[in-house]
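Participant: Let's see this in three dimensions:
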Amino acid sequence: SLHDALPIFRALPFIAPDESVIVGLPDTIWFPTDALRALGDDGLSFLLFPVEHPQFFDAVVTDPDGLVREIQVKHPHPSTSWIWGAFKLPGATLRALHRLWCERGRTDEYIGTLVNAYLRAGGRAVGVHAGTAYVDVGTLHGYRQAMQVLAGDAAR
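Facilitator: Now for the predicted structure:
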């Protein structure tokens, strides 16, 4: 049943294998506002943003060609300051992730740990360093930071 799944999998019945799916978090703001356009249509791609405190997010380690090597999920000492703010993938890849999640006993709480298993199993993902500012507005600190970012953007 999809009802006890990670929320992303609840949409599976409505997505054709060749349709693109974009996933972002609702309590965030980012710049540039059109950054999603940088993501390709041919596989799993992560929109990456540099942040000051990557340990609170999912840091995405890429090689020089942009291939994702690892997602460090809320790691206390991540090896990069680039985190994912959104990702895009074909419906077929979303189905493959769901199958893997089921095979792993539905234990992955975070998409990052599931993607790491997907990569170890031969899957491929790309990290696109197209973001310039990313703020989680779900906390008081994040809200204040968002106000500063928005004020700075309005001044440009």
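Participant: need the strands for the chain, in chain order.
Facilitator: 20-24, 28-31, 44-50, 58-62, 68-73, 82-90, 125-128, 133-136 (DSSP state E).
Participant: right, and those strands - which one's nearest N116?
Facilitator: strand 68-73 (5.6 Å; Cβ to Cβ). In short, each C-beta sits where N, CA and C put it, glycine included.
Participant: List the strands paired with the closest one, with their directions.
Facilitator: With DSSP bridges as the test, strand 68-73 is paired with strand 58-62 (antiparallel).
Participant: What segments of this structure are helices?
Facilitator: 91-103, 111-120, 140-155 (DSSP state H).
Participant: out of the ones you listed, deepest packed?
Facilitator: Comparing the helices of the chain by mean neighbour count (mean count of other Cβ atoms under 10 Å), helix 111-120 ranks first with a mean of 19.
Participant: rewinding a little: got CSV for the helices of the chain, with mean pLDDT and distance to G66 too?
Facilitator: Output for these, formatted as CSV (pLDDT from 0 to 100; distance: least, Cβ to Cβ, whole Å):
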stretch, mean pLDDT, distance to G66
helix 91-103, 96, 17
helix 111-120, 96, 14
helix 140-155, 65, 25
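Participant: Select, out of those helices, the one closest to D58.
Facilitator: Of the helices of the chain, the one closest to D58 (Cβ to Cβ) turns out to be helix 111-120, at 4.2 Å.
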